[in-house]
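> Predicted structure and sequence below. I'll ask about it afterward.
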Amino acid sequence: MFISGQSHKEYYKKAKQTMNHRLTFPSSFVWGVATSSYQIEGATTKDGRGPSIWDTFCATPGKISDQTNGAIACDHYHLWEQDLDLIQSLGFKAYRFSVAWPRILPTGTSTVNQKGLDFYDRLVDGLLERDIQPFCTLYHWDLPQTLEDQGGWVSREVVEAFVQYADIVTRRLGDRVTAYATLNEPWCSAYLGYTQGEHAPGYTDTAMGLQAAHHLLLAHGAALPVMRANAPNAQHGIVVNLTPMYPHSDSAEDVALAQQINGFVNRWYLDPLFLGNYPEEAWEAYGEHVPQTQDGDLAIMSAPLDFLGVNYYSRGLVAYDESEPWPHAQHIKLEDAEYTDMGWEVFPEGLTNLLVQIHNDYILPPIYITENGAAYPDELNDDQVHDQARTHYYETHLQAVQNAMQQGVDVRGYFAWSLMDNFEWAFGYTKRFGIVYVDYETQARIPKDSAKWFKELLKT
Ligand code: IFM
């Protein structure tokens, strides 16, 4: 996760050389596509769904770049059957979706909305009928607004609320689901939502972010025994986003900075989950902002897992710069590198290095790559989208996964982000991550060339 020692030129030379290698994965390898509730479902006021923090955030002027929201999104709530047909037609055998907490418990706790549960019940059955394994994430950022009004993830009471919610969903869906993830990307919920403010609920306070992170992992750990009791044959885990940090130069400052940020971004989550403690140096560095904890919290947070979901998009490349606010990091853009429409460097080797490094640093359960993909400014012409750059991204990242597996990392599956273009949070509908193009006017789904590439790949 903290990696140094290879020049950019060397990397690109090597990446080109490895390009034509064949992709060969074990026959048991799980191939899937991923989405999340708020990004695709729409129908935010239908059938008793309560408001979430994202409905509130989107209604706040200036928060979403194109002033949109998830009210309609891909209208998946109504078009789910055709979407499952689409997944099947592309040859994927697994689908990672998330449940919208405010559909199940419109005010966060107590009153259960049966219609919300019915929707996911039908979805899961629909997947099984099509021979697609359901991978269900319980929390992909749409916290019920009522819970946020009571302090959200900063308040310890949210832990009990999450356990109740996890209990209700897993009791209903049970072992029909192949794998449950408690949380998607707790760093994003905590840091982007409470420290940096780019995501809902939009606070800008370091201590709040760290307290939220603590309660997220605590809620995750507290829910696991309940989930296991309700679905004893399902796999139970968590999904984290990991960004391997690289120093821009070999200078002592750059190297120390990359190591420090690795502590904040990656180890802040992995150490509690797999070592049962917070990384010491990062804890020291946060000083007065560290979270309030109680005895036994870390034991709960580090409960054994059946799988770890890893989301990877890019690396971090940092240089120490005194003029930047603490921790004095300048995020470097290279002239000779490729970047996606998000401004994220295309760096497949980072995925290999990351996987090998965490495999060496922790005793891990099997890994699924639960998200990987790229946004590009796609153009639709004659019902075709020639998204060569995206296909190239997938091909090279799959090679990176394969390289890690050859070095002993136990990766069991790969989910492309995303099945279709959708609501990209603070960027609204301006970024397209799908392998299927969505015409938001007509809700037509048009497989891009990358989807056709996957279809061919999966045939073999
Ligand atoms: O769209 C998001 C997703 O919701 C979480 N992981 C990163 C994706 C791309 O930004």
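Great, that's in hand.
> need the strands for the chain, in chain order.
30-34, 94-98, 133-139, 179-184, 235-241, 245-247, 307-311, 316-320, 329-331, 367-371, 411-417, 436-439, 444-447 (DSSP state E).
> Turn these into TSV, including mean neighbour count and mean pLDDT.
To be clear about C-beta, it is placed using only N, CA and C from the backbone, and glycine gets the same treatment. As requested, those are exported to TSV (neighbours: other CB atoms under 10 Å; pLDDT from 0 to 100):
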stretch	mean neighbour count	mean pLDDT
strand 30-34	24	99
strand 94-98	26	99
strand 133-139	25	99
strand 179-184	25	99
strand 235-241	24	99
strand 245-247	26	98
strand 307-311	23	99
strand 316-320	22	98
strand 329-331	17	98
strand 367-371	26	99
strand 411-417	23	99
strand 436-439	20	98
strand 444-447	18	98
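> The protein against the ligand: which residues are in contact?
Residues of the chain lying close to the ligand (CB under 6 Å from any ligand atom) are 36, 39, 185, 311, 371, 417, 424, 433.
> Let's have the residues you listed in CSV, adding distance to residue 55.
As requested, the residues of the chain next to the ligand are arranged in CSV below (distance: CB to CB, whole Å):
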residue, distance to residue 55
36, 15
39, 13
185, 20
311, 24
371, 23
417, 23
424, 16
433, 21
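> Please identify which of these is nearest to residue 134.
If you rank the residues of the chain next to the ligand by distance to residue 134 using CB to CB, residue 36 comes first, at 14.1 Å.
> How about residue 104: what's its closest non-neighbour residue?
Spatial nearest neighbour of residue 104, chain neighbours left out: residue 116 (4.7 Å); criterion: CB to CB, 6 or more residues apart in numbering.
> For the residue in the stretch 151-300 of the chain that the ligand sits nearest to, give me its contacts.
Per CB to the nearest ligand atom, residue 185 is where the stretch 151-300 of the chain lies closest to the ligand, at 5.6 Å. Counting by CB atoms under 8 Å, 6 or more residues apart in numbering, residue 185 touches 239, 240, 241, 311.
> Out of these, which two are the most distant from each other?
Longest span within these, CB to CB: 239 and 241, 7.8 Å.
> which residues do these two both contact?
185, 310, 311, 371.
> hang on, residue 76 packs against residue 40?
Yes. Applying CB atoms under 8 Å, one finds residue 76 in contact with residue 40, separated by 4.2 Å.
> And the nearest residue to residue 426 once chain neighbours are set aside, how close does it get to residue 189?
Spatially, and ignoring its direct neighbours in sequence, residue 426 is nearest to residue 198 (5.2 Å; CB to CB, 6+ apart). Using CB to CB, to the nearest Å, one gets 12 Å for the distance from residue 198 to residue 189.
> Kindly report the same for residue 255.
Separation of residue 255 from residue 189 (CB to CB): 30 Å.
> With neighbour numbers in mind, choose between these two.
Ranked by neighbour count (other CB atoms under 10 Å), residue 255 and residue 189 place residue 189 first, with 26 against 19.
> What residues does that one make contact with?
139, 141, 153, 183, 199, 212, 213, 216.
> what does the model give it for pLDDT?
In this model, residue 189 is scored at 99, pLDDT.
> Let the chain start at 672 from now.
Noted, 672 is the first residue going forward, which turns the last one into residue 860.
> picking up where we left off before, how about the strands of the chain, which one is nearest residue 1055?
For the strands of the chain, proximity to residue 1055 was assessed by CB to CB; strand 1115-1118 is nearest, at 7.8 Å.
> contacting residues around that closest one?
753-754, 757, 761, 1051, 1054-1056, 1091, 1106-1110, 1126.
> Nearest residue to residue 783 in space, please, no chain neighbours.
residue 839 (5.9 Å).
> and the one you found, what is it in contact with?
If you count contacts by CB under 8 Å, 6+ apart, residue 839 has them with 775, 776, 783, 788.
> Pairing partners for residue 990 in the sheet, please.
As for beta bridges, residue 990 partners with residue 1001 under DSSP bridges.
> Check the contact between it and residue 999; I expect there is one.
No. Assessed by CB under 8 Å, residue 990 is found out of contact with residue 999, at 9.3 Å.
> overlap in contacts of those two?
residue 928.
> Can I have the buried ones of the contacts of strand 1115-1118 as a ChimeraX selection?
Selection of buried members from the contacts of strand 1115-1118 for ChimeraX, criterion 16 or more other CB atoms under 10 Å:
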select :754,757,761,1056,1091,1106,1107,1108,1109
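> Which single one of the contacts of strand 1115-1118 is nearest to the ligand?
Nearest member of the contacts of strand 1115-1118 to the ligand, counting by CB to the nearest ligand atom, is residue 1091, at 11.6 Å.
> For the top helix by length along the chain, name the packing helices and strands.
Secondary structure of the chain per DSSP state H: the longest helix is helix 877-901. Packing partners of helix 877-901 (3 or more CB pairs under 8 Å, 6 or more residues apart in numbering; DSSP states H and E): helix 828-844, strand 850-855, helix 857-858, strand 906-912, helix 939-945, helix 968-972.
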